[in-house]
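In: quick check, what structure comes out for this input:
(one chain, ligands or ions: 2)
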Amino acid sequence: MGEILKDSFGRVHNYLRISITERCNLRCTYCMPEEGIPLTPEERLPSVDELMEIVSVFKEMGVDKIRLTGGEPMARKELPEILDRLYGMGFRDLNITTNGVFLDRFIDKFKEVGLTSINVSLDTLDPEKFEAVTRRNRFDKVMANIQKGMDEGLRIKINTVLLKDFNEDEIQPMLEWSKTTPIHVRFIEFMPFNGNNWDTKKLVTYQDVLDEARKYFNIEKLKDGKHSTSKSFRVVGGKGTFAVISSMTEPFCSTCNRLRMTADGKLKNCLFSNQEADLLTALRKGHNLKELIRLSVRSKKEAHAGMDNLPDMENRSMIAIGG
Ligand code: SAM
Ligand code: SF4
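Out: Ligands and ions are numbered 1, 2, ... in the order given. Model prediction:
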């Protein structure tokens with residue numbers, strides 16, 4: 001049997017989330033500071049060849065599930081090549097998280113590499129609110145692409161970050177959508193990152209979602225997967241489902257199997273960790289990547305710092321981590 005990446009709490013890490021770009025065509029308020037983030041110079045970003053070299057090391061260490069994210073992964077022109085090469089390396093559990101603006105361009109490629117479920121971020125069903133939160137006017141395009149994706153047989157999960165006094169009134173229409181359509185809505189508790197003005201007062205919690213849902217619908221709990229980060233439900237009789245990612249009020253650290261690589265080739269063992277292992281530099285210097293990866297996994301903390309400490313912690317902006 002090959003190596004497995006076990007941390008000091010016995011958690012096995014077989015899931016790598018890779019940010020393939022820092023760039024994005026939207027400017028979501030909770031993800032990116034208004035002034036943007038300084039972009040890493042091109043020569044300090046992994047080429048596709050370097051990315052594949054790094055990924056092949058993770059594969060040898062037991063990683064068998066990959067999610068591509070960003071920035072906006074569909075804004076990277078080599079996305080089709082990256083998908084082809086990951087598929088060619090034998091990855092059959094490939095996933096992507098996208099804002100959906102360019103989704104229509106990639107549906108055929110997704111089918112070719114067996115990518116049948118994708119996460120599309122959409123915080124509102126109201127075009128004006130969409131523009132307010134993303135600072136861009138692309139609502140109609142995203143909605144049309146979601147429909148196209150479903151028509152072409154993709155399973156679409158919607159990621160909705162909830163912000164108090166902004167879109168908690170979207171819970172009801174989103175659930176109605178999940179009742180009438182085979183769509184899977186996942187509400188995400190707002191998390192603190194550099195430059196996103198996080199405040200507990202802006203948090204809509206797991207419990208708030210359930211309270212709001214029960215005002216309008218009969219809901220039933222569904223079984224969650226072993227490493228699931230979300231708690232799943234369905235409106236009784238609904239075609240789709242809904243879930244809550246309760247990272248803040250009920251974190252799921254004890255079953256975490258995830259590692260993250262940033263667009264500039266740094267390994268993060270936790271979304272909330274500010275310690276990073278510089279895999280790209282190590283690769284370029286011919287150093288032993290496996291040893292660096294093992295060290296990073298072994299130093300993973302049991303749980304993230306918790307609601308009281310997180311907001312004060314220095315960390316990247318979400319756009320530079322990838323979610
Ligand atoms: N651009 C792609 C997208 O929007 O789906 C991929 C990258 S984005 C950083 C990945 C996910 O992180 C999105 O679903 C987004 O809603 C979520 N996200 C960003 N900032 C967040 C925050 N502060 N709290 C919770 N989720 C956040
Ligand atoms: Fe871009 Fe996604 Fe961040 Fe929005 S959430 S700014 S779409 S990376």
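In: how much space separates the nearest residue to residue 228 once chain neighbours are set aside from ligand 1?
Out: In this structure, residue 228 finds its nearest non-sequential neighbour in residue 252, 7.4 Å apart by C-beta to C-beta, 6 or more residues apart in numbering. (Each C-beta comes from the backbone N, C-alpha and C, glycine too.) Distance, residue 252 to ligand 1, by C-beta to the nearest ligand atom, to the nearest Å: 14 Å.
In: same question, residue 168
Out: 14 Å.
In: isn't residue 227 up against residue 255?
Out: Yes. The pair residue 227 / residue 255 is scored as a contact, 5.3 Å apart, by C-beta atoms under 8 Å.
In: which one of those two has more residues nearby?
Out: residue 227 (15 against 12; other C-beta atoms under 10 Å).
In: wasn't the more buried one part of a strand?
Out: No. Assigned with DSSP: H, G, I helix; E, B strand; the rest coil, residue 227 falls outside any strand and is coil.
In: any idea what sits nearest the closest residue to ligand 1 within the stretch 201-323 of the chain, other than its immediate chain neighbours?
Out: For the stretch 201-323 of the chain and ligand 1, the shortest gap (C-beta to the nearest ligand atom) falls at residue 323, measuring 2.8 Å. Counting by C-beta to C-beta, 6+ apart, residue 323 lies nearest to residue 69, which is 5.5 Å off, once chain neighbours are set aside.
In: for the one you found, list the residues it contacts.
Out: The contact partners of residue 69, taken as C-beta atoms under 8 Å, 6 or more residues apart in numbering, are 17, 18, 19, 20, 96, 97, 322, 323.
In: what's the most distant pair in those?
Out: Using C-beta to C-beta, the pair of the contacts of residue 69 lying farthest apart is 20 and 323, separated by 12.7 Å.
In: who has more neighbours, those two?
Out: residue 20 (25 against 20).
In: I figured that one was touching residue 83, is that so?
Out: No. With contact defined as C-beta under 8 Å, residue 20 does not count as touching residue 83 (10.2 Å).
In: anything in contact with each of the two?
Out: residue 68.
In: neighbours of residue 88, just the number please.
Out: Counted with other C-beta under 10 Å, residue 88 comes out at 10.
In: now it: how far from residue 17?
Out: Going from residue 88 to residue 17 by C-beta to C-beta, to the nearest Å gives 20 Å.
In: same question, residue 121
Out: Residue 121 sits 14 Å away from residue 17, going by C-beta to C-beta.
In: just to confirm, which helix or strand has the residue lying closest to residue 182 once chain neighbours are set aside in it?
Out: Distances taken as C-beta to C-beta, 6+ apart place residue 239 nearest to residue 182, at 4.6 Å, with adjacent residues excluded. For residue 239, there is no enclosing helix or strand under DSSP states H and E.
In: got a list of what residue 239 touches?
Out: Under the criterion of C-beta under 8 Å, 6+ apart, the neighbours of residue 239 are 178, 179, 180, 181, 182, 183.
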